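Student: the following comprises the amino acid sequence and a computationally predicted model.
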Amino acid sequence: MAKELPGASLVEGVRFTVQAMVPNVVQGLFRRRRRAVAAATKLNVDGQAVGLIDGIRRGHGPGPVWVRVGTDKMLLVLTTEDVRRVLGGSPHPFAPDPDAKRRGMFHFQPDALTISRGTLWENRRRFTESVLDTGEPVHRLAARFAAVVAEETAAMLQEVDAARELDEGAGGGDGELRWDAFQAMLWRITRRVVLGDAARDDVEVTELLAKLMDEANGLPKERSEHFDPYMTRIGEYVAAAEAGSLVGLFDEAPSDEETRPEGQVTHWLFAMGDTLSTNAFRALALIATHPRQRKEVEAELEGASGNGGVDSAAGIASLEYLEGCLQEAMRLWPTTPFLSRETVEEVEWGAGTAPAGAQVLISNTFNHRDPERHEFANRFAPEAWTEGNAAEDWTFNHLSHGPQGCPGADLALFIGKGVLGNLLSKRQIRLLEPKLDPGKPLPHMLDFFSLRFAVEPRT
């Protein structure tokens, strides 16, 4: 008879549902809701979740531990070794598409790699890796992408400068950078990188995707009226195959009818335009409030001039410390609080057995901030990526690990540090709100919607 894995108590299950899972749902599983994020930040729900999961670990051992989420029972993975086993064993026997994830993602990207299994997953993964140049030092179109980043950050800074001049003419005030302007800039970059220059000002395609993702938050069962118009626009850009864009590389990548190349585009769009913009904005807040790290960044930016500067592919690629800053923003405030998998067959653990069909949870929120495993858990530590082994540590999974690790990780980091490098080399950035004290442990939540920066000429 199979041994039973340990289980959390009924009270712990209720607390886990209320403090860890429900707040994630309320904030938006696929697209964050501004007011809900503000409320969750005020209540420090992620900090509460970290404390709760730590208590479950102390009470029941290193796990895995069964925990009730509403009426369901899920397996919470707590050790780095078990995280490695689950992610290293994806997509089989740990499939990437549990019911809730599959239902939500199917609404706006039904052919996505991330909810594919078996040979279909292998097919779409080959295609994706080919287009994104997974594992290459820089993408083959890096020079083109560097130029796009430079142009769009310059355009945004011109808008900020113009606003500052108006403020000064009216009696003073700093030009401010806020979330809406920052994300609009990154969406312009995203559309140009993925779809081509013709899509630069196609705000409608972004708005259609936003509507689909908003609907997906509710795990709908019916097809959206926005889906066909959205995919029609995507199909037009794929057919045009503009040179210098990712869709312009489709003919060079291995594909067939099952690949559905146009169906892979959506994930790239929101991963860069939505997720990367969140991470880069938070990284800017960290750099602006930590003098020692800011000096390191500034020195690295000066050194990049020997590689062509931040307007060039080589210059951006050389920014290893700045990349560490971006990685730290992702670690400290993971945009994916939980990774979920589903067992496709019975799985033996040392302490017991998980049946086929079990949902497995990995809490990035807890693992990334666990002081028992990392002395830098609650501080800003870019050196953990440049001098330490954080990149190889399976505790940190904002970009995941294993066969299903993010195939666009290197490209996203390139674009992100290109944006940050351009901003920080051309302007002096100060965080106005909220306050971050470099001498204290960093908060468990940072509401990116509320970030406000003063943008001033460099002296």
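Tutor: That came through, no problem. Residues are numbered from 1 along each chain as shown.

Student: nearest residue to the spatially most central residue of the chain other than its sequence neighbours?
Tutor: Taking Cα atoms, centre = their mean, the centroid of the chain lies closest to Thr275, which sits 4.3 Å from it. Excluding its sequence neighbours, the residue lying closest to Thr275 (Cβ to Cβ, 6 or more residues apart in numbering) is Thr335, at 5.1 Å. C-beta here means a position set from N, CA and C on the backbone, and glycine is covered the same way.

Student: okay, and the one you found sits in which element?
Tutor: Using DSSP states H and E, no element contains Thr335; it sits outside every helix and strand.

Student: same check on the one 4 residues further on?
Tutor: Counting by DSSP H and E, the element that carries Leu339 is strand 338-343.

Student: okay but the residue nearest to the centre of the chain is in contact with Trp333, surely?
Tutor: No: checked against Cβ atoms under 8 Å, the pair Thr275 and Trp333 is beyond contact range at 11.6 Å.

Student: which stretches in this structure count as strands?
Tutor: Secondary structure of the chain (DSSP state E): strands at 65-69, 72-77, 94-95, 176-178, 338-343, 347-349, 352-354, 359-363, 427-433, 452-457.

Student: export those strands to CSV and tack on distance to Ser224?
Tutor: Listed next are those as CSV, based on distance: least, Cβ to Cβ, whole Å:
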stretch, distance to Ser224
strand 65-69, 27
strand 72-77, 26
strand 94-95, 25
strand 176-178, 30
strand 338-343, 23
strand 347-349, 35
strand 352-354, 35
strand 359-363, 26
strand 427-433, 36
strand 452-457, 34
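
Student: and of these, who's closest to Arg103?
Tutor: Nearest to Arg103, of all these, is strand 338-343, at 12.2 Å by Cβ to Cβ.

Student: for the closest one, packing partners?
Tutor: strand 94-95, helix 99-108, strand 359-363, helix 364-367 (3 or more Cβ pairs under 8 Å, 6 or more residues apart in numbering; DSSP states H and E).

Student: name the residues that touch that strand?
Tutor: 21, 24, 86-87, 90, 93-101, 354-365, 397, 400 (Cβ atoms under 8 Å, 6 or more residues apart in numbering).

Student: ok and that strand relative to strand 359-363, angle-wise?
Tutor: Interaxial angle, strand 338-343 versus strand 359-363 (axes from the mean of the first three to the mean of the last three Cα atoms, to 10 degrees): 150 degrees.

Student: and strand 338-343, how far out from the chain's middle?
Tutor: Put simply, strand 338-343 sits 17 Å off its chain's centre (Cα atoms, centre = their mean, to the nearest Å).

Student: list the buried residues for it?
Tutor: Across strand 338-343, burial judged by 16 or more other Cβ atoms under 10 Å covers 338-343.

Student: among the residues you listed, which one sits closest to Thr232?
Tutor: Using Cβ to Cβ, those come closest to Thr232 at Ser340, 31.3 Å.

Student: picking up where we left off before, with mean pLDDT and distance to Asp197 added, can I get the strands of the chain in a markdown table?
Tutor: Formatted as a markdown table, the strands of the chain follow (pLDDT from 0 to 100; distance: least, Cβ to Cβ, whole Å):
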| stretch | mean pLDDT | distance to Asp197 |
| --- | --- | --- |
| strand 65-69 | 94 | 45 |
| strand 72-77 | 94 | 44 |
| strand 94-95 | 93 | 38 |
| strand 176-178 | 95 | 24 |
| strand 338-343 | 95 | 35 |
| strand 347-349 | 91 | 48 |
| strand 352-354 | 90 | 49 |
| strand 359-363 | 96 | 39 |
| strand 427-433 | 96 | 25 |
| strand 452-457 | 94 | 26 |
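
Student: where in the stretch 101-250 of the chain is pLDDT low?
Tutor: 167-174 (pLDDT under 70).

Student: how does it look with 90?
Tutor: For the stretch 101-250 of the chain, applying pLDDT under 90 flags the ranges 161-175.

Student: that one: helices as residue ranges?
Tutor: All helices of the stretch 101-250 of the chain, identified by DSSP state H, counting those that start in this stretch, fall at 118-132, 142-169, 179-194, 203-216, 227-240.
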